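In: structure for the following, please:
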Amino acid sequence: MLLLIFTVYALIAVEVFGLTRYGIVTFEHANFRDFPSAILTLYRMTTGEAWNKIMHEMTVEYPYCIGNDYTYLLDDCGSAGWAYSIFLSFEVLTTLIFMTLFVVTVIDNFDFTTQEEAMFSLLTSEDFANFKRAWADFDPKGTGYIPKEDVTKFLRQLNGRLEVKIYPEEYSVQTLLRASSKADRDTAVREPANIDVDVRKLNSNVASLDVKESRQKRAAYNFTYHEALSHEEPGKGVPFNKLLRILAYRLIDAEQFLKIDQMFIRQQEMNAIQEKVYREKIRSTFTTIALRRRYCRMVAEKQNEEFNRDLMSHRRVGRDYGSFTPPQSDIPIIVVDVSAEQELDGAQRSSSRRDSIASTTSSTISVNVDEE
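Out: Next comes the predicted model:
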């Protein structure tokens, strides 16, 4: 809008005052002889520097200039009517525009300050102190950035209202092992590696965990983690103020504290981050399936190798019963001669075949005698 106003008034000024003579404040660097010079002169007038003197010098008339009624090319006079109307309207419009921009900037900063105050008013000095102490462990030099690899460790150290842990402290591994130990508590604390765990007691302690709440906390943790990574600056890491703002956003109602445009931007950011979370979940699922298949294949190959190794070792011991030494045990060993069984089976089959032929022959003879 401001550029359009400058362009229109510069064209009008060049058309009306393009041949007007120089004065005290109008010279080769402040005039309306061409379009670039007119733009620079109008910009100077918007700052309030001698704009009224420029206007009065554009009202010069005969006998203080050379007038010519026949051709305007030989006329270097100005015009009082045009000068007053052009420059006064220009000053009023530009002043209103700049005043509006100033007021909007002030109001916008005021709203931002109000939102920041509402956002951080729910945090106590102890919360800020915990955040800074946890940050100092990962940023000892005070650069204001931490690597993305340390974000998960940093989130686990937060306490108070900024806490984003998935499980409460009483359900940590060390706490559960100490609570389920068969030994006394002092021994479990002194020697955590030698804890004799009561499995039933451990199951009872774990069963008291609220599964639904844990899933909600896990979803919030994943969302916070991916949102923190989305603000990573290349070569530096995740900044201090962005991570603090992310954690503070979890404590407010966006519909209540944010304006419509800011709430719309925030909603778009949340949708984009949620899509990243879903993509990461799908990728992790397929990765788990692929790793499981690879593990099962490796286990099967190892079992086949062990089976083939055992089979080859038995073959090397001996290829007949004579050279095979059975293991010593109290149970008697029964050895079956397969060749003898086969011969006995063949003899039985031949005997049964002969009996069948004999019975068939006798029945035939008896039939013939009856006929006779």
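In: shaky segments in the stretch 201-350 of the chain?
Out: Applying pLDDT under 70 to the predicted model, the residue ranges of the stretch 201-350 of the chain that meet it are 254, 257, 314-350.
In: in it, which spans are helices?
Out: Here the stretch 201-350 of the chain has its helices, by DSSP state H, counting those that start in this stretch, at 211-230, 240-249, 254-257, 260-317, 338-371.
In: buried stuff in stretch 40-53?
Out: Along stretch 40-53, these residues count as buried under the neighbour rule (16 or more other Cβ atoms under 10 Å): 41-42, 44-46, 50-51. Glycine gets a C-beta too; all of them are placed from N, C-alpha and C.
In: and the contacts of it?
Out: Stretch 40-53 has contacts (Cβ atoms under 8 Å, 6 or more residues apart in numbering) with 6, 9-10, 13, 23-26, 29-32, 54, 87, 90-91, 94, 98.
In: ok, now with 6 Å
Out: 6, 9-10, 25, 30, 94 (Cβ atoms under 6 Å, 6 or more residues apart in numbering).
In: between the buried residues of stretch 40-53, which is closest to R292?
Out: Using Cβ to Cβ, the shortest approach to R292 within the buried residues of stretch 40-53 belongs to T46, at 70.9 Å.
In: same list, the contacts of stretch 40-53, but as JSON lines with secondary structure and distance to F223 please.
Out: Formatted as JSON lines, those follow (DSSP: H, G, I helix; E, B strand; the rest coil; distance: Cβ to Cβ, whole Å):
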{"residue": "F6", "secondary structure": "helix", "distance to F223": "47"}
{"residue": "Y9", "secondary structure": "helix", "distance to F223": "53"}
{"residue": "A10", "secondary structure": "helix", "distance to F223": "53"}
{"residue": "V25", "secondary structure": "coil", "distance to F223": "63"}
{"residue": "A30", "secondary structure": "strand", "distance to F223": "59"}
{"residue": "T94", "secondary structure": "helix", "distance to F223": "47"}
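In: most neighbours among those, please name it.
Out: The member of those that has the most neighbours, counting by other Cβ atoms under 10 Å, is A10 with 22 neighbours.
In: can you tell me the closest non-neighbouring residue to it?
Out: In space, not counting the residues next to it along the chain, A10 is nearest to A38; the distance is 4.0 Å by Cβ to Cβ, 6 or more residues apart in numbering.
In: the one you found: neighbouring residues, count only.
Out: When neighbours are counted by other Cβ under 10 Å, A38 registers 24.
In: what sits against it?
Out: Contacts of A38 were listed using Cβ under 6 Å, 6+ apart, and they are 10, 13-14, 32.
In: nearest to V164, out of those: which one, please.
Out: Sorting the contacts of A38 by distance to V164 puts A10 at the head of the list, at 57.5 Å, by Cβ to Cβ.
In: quick one: contacts for that closest one?
Out: Residues near A10 by Cβ under 6 Å, 6+ apart: 35, 38-39, 42.
In: and those, which is closest to D198?
Out: I39 (86.1 Å).
In: is it true that T20 lies in a strand?
Out: No - when classified by DSSP: H, G, I helix; E, B strand; the rest coil, T20 is found to be coil rather than part of a strand.
In: mind checking pLDDT for it?
Out: What the model reports as pLDDT for T20 is 90.
In: tell me how far it lies from F223.
Out: From T20 across to F223, the span is 67 Å (Cβ to Cβ, to the nearest Å).
In: between the two, who's got more neighbours?
Out: Shown here are T20 and F223; by other Cβ under 10 Å, T20 has more neighbours (23 against 18).
In: just to check, the more buried one is in contact with S79?
Out: No - T20 lies out of contact with S79 (Cβ atoms under 6 Å); the separation is 8.4 Å.
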